[in-house]
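>>> have a look; sequence and predicted model below, questions after that.
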Amino acid sequence: MASASLRVETTFATFGAIAQKIGGDLVQVHVLASPKFDPHFIVPKPSLIFKLRRADLLILNGGGLELGWLPSLIRGANNSKIKKGAKGFLDISLYIPMIDVPSAISRGFGDVHSKGNPHYTTDPHMVLIIAQVIKKKLQELDPNNKNIYEKNLNTFTHKWQNYLNYFDGKMKECKEKKVVQYHELFNYFLKRYNYTNYANIEPHPGISPSMKHTVSIINTIIENDIKLIVIDVFHETKTTKFIAAKTGAKVVLIPHDMGAKGSDTLEEYYLNVMKQICQ
């Protein structure tokens with residue numbers, strides 16, 4: 001059996017799980033950000049710098065999601081292997097069909113991502129794209145074991161496609177297709193399964209709702225008979241609960257990443273999302 005030869009750091013747990021599936025025994029995978037916290041604002045601890053200093057490959061979400069914390073860690077690590085543009089720097093967002101790309105950027109729009117919505121991992125179909133991209137990168141860094149990475153990808157793809165067939169079938173049984181969400185975090189998932197998001201409790205990304213905006217959300221929910229308010233595990237819930245109390249809509253807490261809200265595997269992560277939104 002081949003021993004681990006590549007040290008792989010991923011910014012988030014979902015990437016870590018996929019990298020481990022493709023790399024198998026040939027990689028040591030570590031995840032930088034805890035899924036308990038807002039992925040935009042991870043504390044750049046010295047321990048994370050130490051991890052990056054030893055890395056052969058850095059896999060990041062990209063799309064500006066880690067812009068507030070990852071660049072300083074990379075500078076602190078001073079590891080030429082994983083600097084932007086280096087062979088060991090892998091920005092997955094460059095391979096993703098991004099949605100919600102803004103036509104204009106302004107401070108008044110809040111923390112808008114210029115390259116589009118970066119929360120693409122909420123769509124389980126993106127997993128296959130991510131796996132393919134990681135496989136190619138591992139083959140590039142470790143060509144002697146390219147056949148093993150190819151075999152691992154084929155095995156994973158077969159299992160994940162079967163999982164998607166089951167998951168998509170179950171999602172067709174969901175009756176309620178109208179939601180309001182706190183932050184535009186689940187747009188890829190909602191688009192995949194034909195949900196309509198009527199409004200966001202955040203008037204703009206990263207900007208807390210005013211009372212005027214909150215009242216407008218309440219009116220939107222009542223006028224459109226919306227039953228579900230979708231929120232992630234790290235935003236404040238006071239406003240959401242207030243809106244729910246005024247409208248009778250139900251608040252559903254959905255994990256944004258594997259490991260959030262008790263999901264220890266990729267399969268559990270997406271099933272957890274399904275369980276919450278289809279209740």
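Received, thanks.
>>> what separation do you get for the nearest residue to residue 17 once chain neighbours are set aside and residue 54?
Leaving aside its chain neighbours, residue 17 sits nearest to residue 266 (5.1 Å; criterion: Cβ to Cβ, 6 or more residues apart in numbering). To be clear about C-beta, it is placed using only N, CA and C from the backbone, and glycine gets the same treatment. If you measure residue 266 against residue 54 using Cβ to Cβ, to the nearest Å, the figure is 26 Å.
>>> and the two? Which one has more around it.
Set side by side, residue 266 and residue 54 show more neighbours around residue 266, with 20 against 14, by other Cβ atoms under 10 Å.
>>> surely the more buried one touches residue 13?
No - at 9.2 Å, residue 266 does not count as touching residue 13 under the criterion of Cβ atoms under 8 Å.
>>> mind listing the shared neighbours of these two?
Counting by Cβ atoms under 8 Å, 6 or more residues apart in numbering, the residues touching both residue 266 and residue 13 are residue 258.
>>> tell me which stretches of the stretch 51-200 of the chain form helices.
Per DSSP state H, counting those that start in this stretch, the stretch 51-200 of the chain carries helices over the ranges 70-77, 126-141, 146-171, 187-192.
>>> now distance to residue 114 and mean neighbour count too, for those, in CSV please.
Output for the helices of the stretch 51-200 of the chain, formatted as CSV (distance: least, Cβ to Cβ, whole Å; neighbours: other Cβ atoms under 10 Å):
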stretch, distance to residue 114, mean neighbour count
helix 70-77, 16, 17
helix 126-141, 20, 20
helix 146-171, 31, 15
helix 187-192, 16, 20
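>>> okay, residue 1: pLDDT?
For residue 1, the model assigns a pLDDT of 46.
>>> what do you get for residue 204?
With respect to pLDDT, residue 204 scores 83.
>>> any chance of the helices of the stretch 51-200 of the chain in CSV, plus distance to residue 22 and mean pLDDT?
Formatted as CSV, the entries for the helices of the stretch 51-200 of the chain read as follows, by distance: least, Cβ to Cβ, whole Å; pLDDT from 0 to 100:
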stretch, distance to residue 22, mean pLDDT
helix 70-77, 22, 97
helix 126-141, 5, 98
helix 146-171, 5, 98
helix 187-192, 21, 96
